[in-house]
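Chemist: I'll drop the sequence and a predicted model, then ask my questions.
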Amino acid sequence: DAKTTQPTSMDCAEGRAANLPCNHSTISGNEYVYWYRQIHSQGPQYIIHGLKNNETNEMASLIITEDRKSSTLILPHATLRDTAVYYCIVRSRNTGTASKLTFGTGTRLQVTL
Amino acid sequence: DGGITQSPKYLFRKEGQNVTLSCEQNLNHDAMYWYRQDPGQGLRLIYYSQIVNDFQKGDIAEGYSVSREKKESFPLTVTSAQKNPTAFYLCASSMWGTGGLDEQFFGPGTRLTVL
């Protein structure tokens, strides 16, 4: 699976959009970009995933560049409850074996008043 | 409600003792996973199981053992051979199969402290 690079930490004011970048320059054609987040002392929570098109759900939007070497997770209106560590993961989806996730250290997002 | 439960939330053991962490899911998921997380670090895969009575080692299996006798349950034993067992342990599950959704759903975790 391709390696990802994320900033160690970011701050965002409550109510503003939080844009979390991720570089995955070695991504291959069959690999998806997944985002999870982990609120302190809890299990990670799935947010969104995509292959090449932009994706949106009730939690966030995922913007993937045309060359697929980077992506941005967007939380449109961040709240204090969005304070968490956000993990960007790149992997092949459902290859017929159990889906191992490789977590890096992620981006620690701090939402402030 | 469907979900994954792990018990206990906090666990203390003396050095040299084996300890078993519980993980149960009622999501009807085929695959289950155990991860370890150390402070300030990401998750590392210990063991995973795709079906009942089958499991594979992950990246850091040494000092751990698992069993998968039932689809709903995937207990993890931390043995005395694990050199540094104090950590936050997370269990997850997912569906798998061609075309299936395979996002992983995580339990709340067990924080193990070995004294």
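Modeler: Everything's here; your move. Numbering: from 1, shown residues only, chains lettered A, B, ... in the order given.

Chemist: Point me to the residue sitting closest to the centre of chain B.
Modeler: residue B:34 (2.7 Å; C-alpha atoms, centre = their mean).

Chemist: does that residue really touch residue B:76, like I thought?
Modeler: Yes - the pair residue B:34 / residue B:76 is scored as a contact, 4.8 Å apart, by C-beta atoms under 8 Å. Placement of C-beta: from N, CA and C, glycine included.

Chemist: before we move on, back to that, which ones are touching the residue nearest to the centre of chain B?
Modeler: Contact analysis of residue B:34 by C-beta atoms under 8 Å, 6 or more residues apart in numbering or on different chains lists B:23, B:45-48, B:58, B:64, B:66, B:74, B:76, B:89-92.

Chemist: and it, what helix or strand is that in?
Modeler: strand B:31-37 (DSSP states H and E).

Chemist: immediately after that strand, which helix or strand?
Modeler: Taking DSSP H and E as the definition, the helix or strand that follows strand B:31-37 towards the C-terminus is strand B:43-49.

Chemist: and the angle from that next one to strand B:31-37?
Modeler: 150 degrees (axes from the mean of the first three to the mean of the last three C-alpha atoms, to 10 degrees).

Chemist: Would you indicate which residues of strand B:43-49 are buried?
Modeler: B:43, B:44, B:45, B:46, B:47, B:48, B:49 (16 or more other C-beta atoms under 10 Å in any protein chain shown).
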